[in-house]
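Enquirer: I'd like to go over a predicted model; first the sequence, then the structure.
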Amino acid sequence: MNFDAQEVLVDSSLHQLGPHFVGALLGEVAAAQRAFRTLSKDRGSRFANVARWRLADCSWQLGALGEAADQYRKLVNAETAGGELAIARYRIARASDEQGKKSAAIDGYQRFLKLHPA
């Protein structure tokens, strides 16, 4: 049997990353955020884009709404695969609303509703 060392390494990364997905769901968000940050910088990993999206989710869960909105905005604008566009667009608008940026919030909510109707 022939093994690709890079594939084994990537699969190993996913195996190690799995508990962090669960950790984020169970409230261990800061630890998950550190793991996602590390993986998001690994350009050779097929999971780097997913980690970028989860990194934004962690920022949101930790209450860093402005930081999360900036991360989501970059991901949406770059059309980065691996994330949920509707959630990102909603959270961008919500962050603007929370920051008192009413015009940006209204524009964001309208865009969200236009692109993601119920």
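Expert: Sure, I can see it.

Enquirer: which of the residues in the strand or helix carrying Ser96 are buried?
Expert: Assignment of secondary structure by DSSP states H and E places Ser96 within helix 85-98. Applying a neighbour-count criterion of 16 or more other CB atoms under 10 Å, the buried positions in helix 85-98 are Ile87, Ala88, Arg89, Tyr90, Arg91, Ile92, Ala93, Arg94, Ala95, Ser96, Asp97. Where you see a C-beta, it was placed from the backbone N, CA and C, and this is true even at glycine.

Enquirer: And the helices in this structure, which stretches?
Expert: Using DSSP state H, the helices assigned to the chain run over residues 5-25, 29-40, 48-61, 65-77, 85-98, 102-115.

Enquirer: residues near the closest residue to Ala93 other than its chain neighbours, how many?
Expert: Computed as CB to CB, 6 or more residues apart in numbering, the closest residue to Ala93 that is not its neighbour in sequence is Gly108, at 2.8 Å. Neighbourhood size, Gly108 [other CB atoms under 10 Å]: 22.
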